[in-house]
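**Student:** Here is a sequence with its predicted model. Questions after.
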Amino acid sequence: MADDNIKIVSFLCNWCSYGAADLAGVSRMEYPADIRVIRIPCSGRMSPKFVLSAFREGADAVWVSG
Amino acid sequence: MMGNLLEHMGVDRNRLHFSWISSAEATKFVDVVKEISDKVRALGTTKKFAKDYTK
Amino acid sequence: MDTCIEKIKAICTDLFSKGEVEKVIGFAGGSIPMATRPIAVTSEADVEKLVFNAFCGLNLANYVTKNNLPKDGAKIAVVAKGCDARNLVTHMVENQVPRDQVYIIGVPCTGMADKRRIAQRFEDEITQCTQDGDTFTVTSALQQEVIAKKDVLRHNCQYCTHRNPPVYDVMAGEPVEEQILDQPFPDVDHIASMDPETRWDHFAELTKNCIRCYACRNACPLCYCPTCFVDESSPQWVGKGQDETDITTFHFLRAFHCAGRCTDCGACVEACPMGINVRDFTRKLNKDALDLFGWEAGMDLDRRPPLDVYSPDDPDDFIK
């Protein structure tokens, strides 16, 4: 049941995964375009409210990365 | 625990992911994105917890 | 439990005569059968108003918060069942109230009766209910029944393993025997055995009558935030209406805020006007806290809650 219209809301820590995403971009690596990145100042900023409001606005999955 | 409660309520465990990636690990970032994307594509879209604004 | 109230009154009279406490928070009789209400007794003369029976289902720790403690550091006393005392400990662990301002009158508890289960046995309104030890004599216009307490025990009291307060200043009665359960979470296991769609439907069915009155939140001693997430408007996390997504979101987040803190006192269910068993959400979290962290809330003043501290032994198999 492959679906190409999925949206994965990604909460990325400014100092860790956001940097990794930046490096991946600078290095011209290819990865699926399903993710929608939200930069958070630190993974500690994460709250369960964010996860639920992402689902509420129609996300199919949520990814939190530090 | 949040993932467990979501699963308890009938939301698939593969809809909430956590990972830890250093800013130097661009390859790990790409691998994780691919893995998550594959898992969620297999599940398809969902309306659970989504607000229907047309109502 | 019958003799408890005499001891509670004696302790309170003694406390007032020595001037040790400013007020006592306890239960008083309600205006209808099978009801009690919280009361703050401030003088020796009012001690007679206190009652303690099988309908004291609310959690008095809810009335001991930062804002209603005496500002001059004076003490207040609380009549506390096992769960109330555990919630007081949770308050202290979370730095909401100092231990030395609260005088805990511990009450060994053999469980509270579920008035909905009693009312189900009657076709018309109950006009009188008297308790004699472990039986009730319940009267309505049409019938009279003698009911054993163990047949109408609240669900959370059936699965209670901490009937005696773990922390107290004085006990009003001999500690009762604690229950030892083979399966402490049969209800959680039952839901877990369903397939995901059935589970989703189960919770949709459970909360479909919710009128969003927030009685569950207000009755809960854990919910002391100055502004609750449901009242925040910028951004608004959850809608105000009875949309099913909003209802589910509210119940999910309310329960999740109790993760690792809930003592399963049952006040939320007791307060719900629609008879929704909102404990279906929190019980799962209690089970996880026990399974993953070996943690039960409110048992120890010196141990930090699992979601409050980092330990290298924390389970981390969910992180990639």
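**Tutor:** Ah, there it is.

**Student:** Can you check the pLDDT for A:Arg43?
**Tutor:** In this structure residue A:43 is Ser, not Arg. Model confidence at A:Ser43, given as pLDDT, is 89.

**Student:** my bad, C:Asn53
**Tutor:** In this model, C:Asn53 carries a pLDDT of 91.

**Student:** how much space is there between the closest residue to C:Asp151 other than its chain neighbours and C:Leu153?
**Tutor:** Using Cβ to Cβ, 6 or more residues apart in numbering or on different chains and skipping residues adjacent in sequence, the residue nearest C:Asp151 is C:Arg117, 7.9 Å away. Any C-beta I mention is one placed from the backbone N, CA and C, and that applies to glycine too. Distance, C:Arg117 to C:Leu153, using Cβ to Cβ, to the nearest Å: 8 Å.

**Student:** which of these two has more neighbours?
**Tutor:** Neighbour count, other Cβ atoms under 10 Å in any protein chain shown: between C:Arg117 and C:Leu153, C:Leu153 has more, with 19 against 14.

**Student:** give me the beta-bridge partners of that one?
**Tutor:** Here C:Leu153 sits in beta bridges with C:Ala113, as judged by DSSP bridges.

**Student:** Wait, it touches C:Gly111, no?
**Tutor:** Yes. C:Leu153 sits in contact with C:Gly111 when judged by Cβ atoms under 8 Å, with a separation of 4.8 Å.

**Student:** Show me what the helix or strand hosting C:Pro38 is packed against.
**Tutor:** Using DSSP states H and E, the element containing C:Pro38 is strand C:36-41. Strand C:36-41 makes packing contacts with strand C:21-29, strand C:50-51 when contacts are defined by 3 or more Cβ pairs under 8 Å, 6 or more residues apart in numbering or on different chains; DSSP states H and E.

**Student:** tell me which parts of chain B are close to chain A?
**Tutor:** B:2, B:14-30, B:32-34, B:36-37, B:39-46, B:48-51 (Cβ under 8 Å from any Cβ of the partner chain).

**Student:** Now do A:Trp15: how many residues are near it, please.
**Tutor:** Using other Cβ under 10 Å, A:Trp15 has 13 other residues around it.

**Student:** Would you mind listing what in chain A touches chain B?
**Tutor:** Residues of chain A lying near chain B (Cβ under 8 Å from any Cβ): A:1-6, A:8, A:15-24, A:27, A:29-32, A:34-35, A:48, A:51-52, A:55-66.

**Student:** show me what contacts the residue in chain C that chain A sits nearest to?
**Tutor:** Relative to chain A, the nearest point of chain C is C:Trp237 (4.9 Å; Cβ to the nearest Cβ). For C:Trp237, the contact set (Cβ atoms under 8 Å, 6 or more residues apart in numbering or on different chains) comprises A:49, A:52-53, C:229-230, C:249, C:253.

**Student:** Next, name the residue at the spatial heart of the chain.
**Tutor:** You didn't pick a chain, so chain A it is. What sits nearest the mean C-alpha location of chain A, by Cα atoms, centre = their mean, is A:Ser10, with 1.3 Å.

**Student:** Wait, chain C was what I had in mind.
**Tutor:** Most central in chain C (Cα atoms, centre = their mean) works out to C:Cys265, at 2.8 Å.

**Student:** Name the SS class of C:His202, please.
**Tutor:** helix (DSSP: H, G, I helix; E, B strand; the rest coil).

**Student:** So it is in contact with C:Met194, correct?
**Tutor:** Yes. Taking contacts as Cβ under 8 Å, C:His202 lies within contact range of C:Met194: 6.5 Å.

**Student:** longest single helix anywhere in chain B?
**Tutor:** helix B:26-43 (DSSP state H).

**Student:** Quick check: mean pLDDT of that helix?
**Tutor:** For helix B:26-43, the per-residue pLDDT averages 93.

**Student:** Would you mark the buried spots in that helix?
**Tutor:** Counting neighbours by 16 or more other Cβ atoms under 10 Å in any protein chain shown, one finds that the buried residues in helix B:26-43 are B:26, B:28-33, B:36-37, B:39-41.

**Student:** could I get those as CSV with distance to C:His190?
**Tutor:** Formatted as CSV, those follow (distance: Cβ to Cβ, whole Å):
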residue, distance to C:His190
B:Ala26, 46
B:Lys28, 40
B:Phe29, 41
B:Val30, 42
B:Asp31, 39
B:Val32, 35
B:Val33, 37
B:Ile36, 31
B:Ser37, 35
B:Lys39, 28
B:Val40, 29
B:Arg41, 32
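
**Student:** wait, is C:Gln128 part of a helix?
**Tutor:** No. Secondary structure of C:Gln128 (three-state DSSP): strand, not part of a helix.

**Student:** How about the residue of chain C found nearest chain B: what's its closest non-neighbour residue?
**Tutor:** Across chain C, the shortest distance to chain B (Cβ to the nearest Cβ) belongs to C:Trp200, at 3.1 Å. In space, and not counting its chain neighbours, C:Trp200 is closest to B:Gly10: 3.1 Å by Cβ to Cβ, 6+ apart.
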